[in-house]
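*Asks:* Have a look; sequence and predicted model below, questions after that.
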Amino acid sequence: MNSESSSYGSHAATGLVGILIGWTRALPRNWIGKRVGFLLRRIAISLLNGKPVDAESLGARFRLHPYNNVCEKRILFAPRDFDETERDLLISRLHPKFVFLDIGANIGGYSLAVAAKAGPDARVIAFEPQPEIFERLIYNIRINPFGNIKALAVAVADRDGELTLFLDPRNKGEASVKIVSADNVRQVRVPARTLLGIVEDEGFDHVDAMKLDVEGAEDLILKRYFTDAPETLWPKLIIVERGEGRWGLDLLGFLAERGYVSIGGTRNNHLLERK
């Protein structure tokens, strides 16, 4: 049976696995806590023996496969380590008509965390082109009561059409239109759309925030968007994965010329706001 066909709760963490998950979430955020957490996580994953886990995290319900997807491991075992600063920033900016674009949504961590706190009139669009991960995303959206989130199985790109997506077998959440340097890399053809085309199709008259995690293709997406989109559709807040070594242009300089300033940064992301 496909793990996404059974009802939520049928894979609840019980017994020792449930205890280990609770312990890993409660560990202190220091070097010792991390080392102990890695050990407890390995034990729990071994006991799961390839089965998914139904669990609440980040204010939402999830079905998680904590094996070869870093995102799912963190959401299950250490939700505080799943971009807590970035999530708190987004939630601090919420208002009734909030519009959030989650580009590279993976299994929905950002999207569901925002949707859980936003009101019913907010709009969250989750973009995930990878077919297997998209099915997990759809399941996670379906098991939650939020009516303000929509998933699109499309790669956001600098042109409409179809493109090749490179999948890293070591981390299913890592997919890029740029070649992934890993052994046994898989390739899939997926539909592609420009971001402005999607925003116009959705009828948005503003965008409050966008998050981009597309493994080095952030420059392609944003250059095309800011070249074509009217200023009324420029987002107030941008969370963009650090990718200086992979970008073909000085993306931070490009955004600075359009009024964006750094309001902080984390190990994984740049945080930019238009003043």
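*Replies:* Yes, it's here.

*Asks:* which residues of this protein fall in helices?
*Replies:* 15-26, 31-48, 70-77, 84-92, 109-117, 131-142, 195-201, 218-228, 251-256 (DSSP state H).

*Asks:* Turn the ones you listed into CSV, columns for distance to residue 268 and mean pLDDT.
*Replies:* The C-beta positions use only the backbone N, C-alpha and C, and glycine is treated the same way. As requested, those are exported to CSV (distance: least, Cβ to Cβ, whole Å; pLDDT from 0 to 100):
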stretch, distance to residue 268, mean pLDDT
helix 15-26, 20, 97
helix 31-48, 16, 96
helix 70-77, 11, 96
helix 84-92, 8, 98
helix 109-117, 12, 98
helix 131-142, 18, 96
helix 195-201, 21, 98
helix 218-228, 12, 97
helix 251-256, 15, 98
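
*Asks:* for those helices, which one ends up most surrounded?
*Replies:* The highest mean neighbour count among these, using mean count of other Cβ atoms under 10 Å, belongs to helix 109-117: a mean of 25.

*Asks:* what comes into contact with that helix?
*Replies:* 58-60, 62, 71, 75, 82-83, 86-87, 90-91, 94, 98, 100, 102, 105, 122, 124, 126, 137, 140-141, 144, 146, 148-149, 151, 211 (Cβ atoms under 8 Å, 6 or more residues apart in numbering).

*Asks:* redo that, cut-off 6 Å
*Replies:* Here helix 109-117 makes contact (Cβ atoms under 6 Å, 6 or more residues apart in numbering) with 58-60, 71, 75, 82, 87, 90-91, 94, 100, 102, 105, 124, 126, 146, 148-149, 211.

*Asks:* Then stretch 213-232?
*Replies:* 104, 156, 158, 174, 176-178, 194-196, 212, 240-241, 243, 246-249, 251, 258.

*Asks:* Now intersect those residues with the strands, please.
*Replies:* 156, 176, 194, 212, 240-241 (DSSP state E).

*Asks:* among the residues you listed, which two are most distant?
*Replies:* 194 and 241 (19.4 Å; Cβ to Cβ).

*Asks:* circling back: quick one, which of the contacts of helix 109-117 are buried?
*Replies:* Using 16 or more other Cβ atoms under 10 Å as the burial test, the contacts of helix 109-117 include 58-60, 71, 75, 82, 87, 90, 94, 100, 102, 105, 124, 126, 146, 148-149, 211 as buried.

*Asks:* Excluding sequence neighbours, find me the nearest residue to residue 101.
*Replies:* residue 210 (4.1 Å; Cβ to Cβ, 6 or more residues apart in numbering).

*Asks:* which residues pair with that neighbour across the strands?
*Replies:* residue 101, residue 238 (DSSP bridges).

*Asks:* what's around it, how many residues?
*Replies:* 25 (other Cβ atoms under 10 Å).

*Asks:* Next: the one 4 residues further on.
*Replies:* The local packing count at residue 214 equals 25, with neighbours defined by other Cβ under 10 Å.

*Asks:* can you check residue 80 too?
*Replies:* 12.

*Asks:* ok, the residue nearest to it when sequence neighbours are not counted to residue 44 distance?
*Replies:* Excluding its sequence neighbours, the residue lying closest to residue 80 (Cβ to Cβ, 6+ apart) is residue 29, at 6.7 Å. Residue 29 is 19 Å from residue 44, where distance means Cβ to Cβ, to the nearest Å.

*Asks:* circling back to that earlier point, on the pLDDT front, check the residue nearest to residue 80 for me.
*Replies:* Note for residue 29: predicted pLDDT of 92.

*Asks:* Equivalent analysis for residue 182, please.
*Replies:* 56.

*Asks:* Then the one 3 residues further on?
*Replies:* Reading off the confidence values, residue 185 has pLDDT 72.

*Asks:* Disregarding residues adjacent in the polypeptide, which is nearest to it?
*Replies:* residue 166 (5.6 Å).

*Asks:* Tell me what the one you found is bridged to.
*Replies:* residue 176, residue 187.

*Asks:* again, but for residue 260
*Replies:* residue 274.

*Asks:* Isn't it up against residue 271?
*Replies:* No - assessed by Cβ atoms under 6 Å, residue 260 is found out of contact with residue 271, at 10.0 Å.
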